[in-house]
Structures are given as structure tokens and as C-alpha cells.
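Participant: Below: sequence and its predicted model.
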Amino acid sequence: MIISHRFKFVFFSNPETGSDAVCRVLAPFADEPVVPFQSQSPERPYYTCMSPSEAAIAFFQNNRDLADYVCISSIENPFTRLPRVYDRILEEDKFKTLRRLIGQTPPSFDRWLIKSETGGRGGGGSLQDRWRRFGTWTSSNWSAGFIEHFIRREHLAEDLNQVISELQLPIPMLAAESALQMPTRPLGRNATEIISIRYRDDLVAFDYCPSDTDEVAA
């Protein structure tokens, strides 16, 4: 998350969408400290993976209006993003070893996908597991009406250059990146259909489709 009072913009780090790359570019314009979720305080109210709706409350409590800022975030094709969220859950599951010892196996991707939500509890986990909770949200649920520009991970340089130009940020334009192959899980018909229905608006708005999954930028 980058908050710039000088240039009147906020970049929201949408989990698992390549937002770290955008933060590196915009970091010189940060005017507020952003702390881990568990380290927030009245003096430091802004934290990692804070959603726009949460930030709006914090801005109000600090006598500011988020509506006065250009709000930016990142997005990625859900056909690549969701499998990666699932893989990270399996990798970071604190009870994975215990479950293996008692003979339990983790739910399949399809089963997990069915139980996940596009808002609310999202991919599950605790409140401090921001990446997991928000990792399955649609762009509209994440935006809550605040985001004016979404930077597609697959077209990061192109979309970020538009933001740099509009905000008149004193930094050079980024060179166009080359699309790199990213390993993806082959999705079955059931998972493909679920994602196509749940994320229909995102697929239309950002010109995404299943065939995009082998052309994701690093």
C-alpha cells in the first residue's frame, strides 16, 4: 500500500496480483508508514493489504477523505490467481503436518474453490491472513467503488504508465515488459465453469479468458 498526500493518490495492494512490483515503482512517493496488520495502532493506522473500504474509515478518523485521492490497485486473471492462492494455502497451512499424520488429505482445488467466496470471508483464514481472505475477491468487491484504475499484472508496464502520466509523477515511463510463461494448474471443466460464472464481470472488464493462463507477466 502506498499513500501519497503530495500527489493525492493511494495504491492498494490487492493480494496475489503482482502488487509488489507496482509498490516498488511508487514507493518514492509514500508519505505514510504502512505496517503489518497486527502492528496497527492509532498512530499508524494503515497496514499491509488494507482494503479500500477499511482505508476510507481510517482516512475519515484522521480527518481526511479517501474520495479526494485517486485510488489505484492491481488485478490478475482469476484463472491463474485462484490456483496460486490455493497452492499458497497448502504451503502455509499450519496444520498440514498434523493432518498428514492422522491420515487427512487437503481438499482438492475444485472442492476448495466451491467453498471459497468472492467477498466476505473470501479464501478463509484469520483476519490477519489478508492475502488469503482477499485473494478470491472480485474486483468490484475489493474496490467498493473507490478504485479508479486497475493495473493488470499481465500488462503492468502499459497500465502503470497510464497512471504515471495521469498523475504527472516525476519518474520515467517503464519499458514494455515481455510476457513470461508462468506454470499453471490445468483446470477441469467444473473449475473453469465456476470461475467463468463467478468472475464474469472481471473477465469482461479486463479481457481475461482461460487461454490467457499461459501468458502471465512476472
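Facilitator: In hand now; what should we look at?

Participant: What is the helix or strand where residue 197 lies packed up against?
Facilitator: Per DSSP states H and E, residue 197 falls inside helix 189-198. Counting contacts by 3 or more Cβ pairs under 8 Å, 6 or more residues apart in numbering; DSSP states H and E, helix 189-198 packs against helix 78-92, helix 109-115. Every residue, glycine included, has its C-beta placed from N, CA and C.

Participant: Tell me which of those is the most buried.
Facilitator: Highest mean neighbour count among the helices and strands packed on helix 189-198 (mean count of other Cβ atoms under 10 Å): helix 78-92, with a mean of 19.

Participant: So what angle separates the directions of it and helix 189-198?
Facilitator: 120 degrees (axes from the mean of the first three to the mean of the last three Cα atoms, to 10 degrees).

Participant: And the average pLDDT for helix 78-92 is what?
Facilitator: Averaged across helix 78-92, pLDDT comes to 92.

Participant: ok, residue 159 touching residue 153?
Facilitator: No - under the criterion of Cβ atoms under 8 Å, residue 159 makes no contact with residue 153, lying 9.1 Å away.

Participant: Of these two, give the one with the bigger neighbour count.
Facilitator: Per other Cβ atoms under 10 Å, whichever of residue 159 and residue 153 has more neighbours is residue 153, with 25 against 21.

Participant: so how far is the strand ranked longest in the chain from its chain's centroid?
Facilitator: The strand spanning the most residues in the chain, taking DSSP state E as the definition, is strand 70-75. Its chain's average C-alpha position is 9 Å from that of strand 70-75, according to Cα atoms, centre = their mean, to the nearest Å.

Participant: quick one: strands adjacent to that strand?
Facilitator: If you go by DSSP bridges, strand 70-75 pairs up with strand 9-12 (parallel), strand 149-152 (parallel).

Participant: and the first one, which residues are buried?
Facilitator: Pointing back at strand 9-12 there. Buried residues in strand 9-12, counted by 16 or more other Cβ atoms under 10 Å: 9, 10, 11, 12.

Participant: Give the next helix or strand downstream of it.
Facilitator: Counting by DSSP H and E, what follows strand 9-12 is helix 19-26.

Participant: Which strands or helices does that next one pack on?
Facilitator: Helix 19-26 sits against strand 2-4, strand 9-12, strand 70-75, helix 156-167, with contacts defined as 3+ Cβ pairs under 8 Å, 6+ apart.

Participant: Mean confidence (pLDDT) on the second one, please.
Facilitator: Averaging pLDDT along strand 9-12 yields 98.

Participant: which residues sit against the longest strand of the chain?
Facilitator: With contacts defined as Cβ atoms under 8 Å, 6 or more residues apart in numbering, strand 70-75 is touched by 8-14, 17-19, 22, 52, 139, 142-143, 146-153, 156, 163, 166-167, 202, 206.

Participant: Thank you, goodbye.
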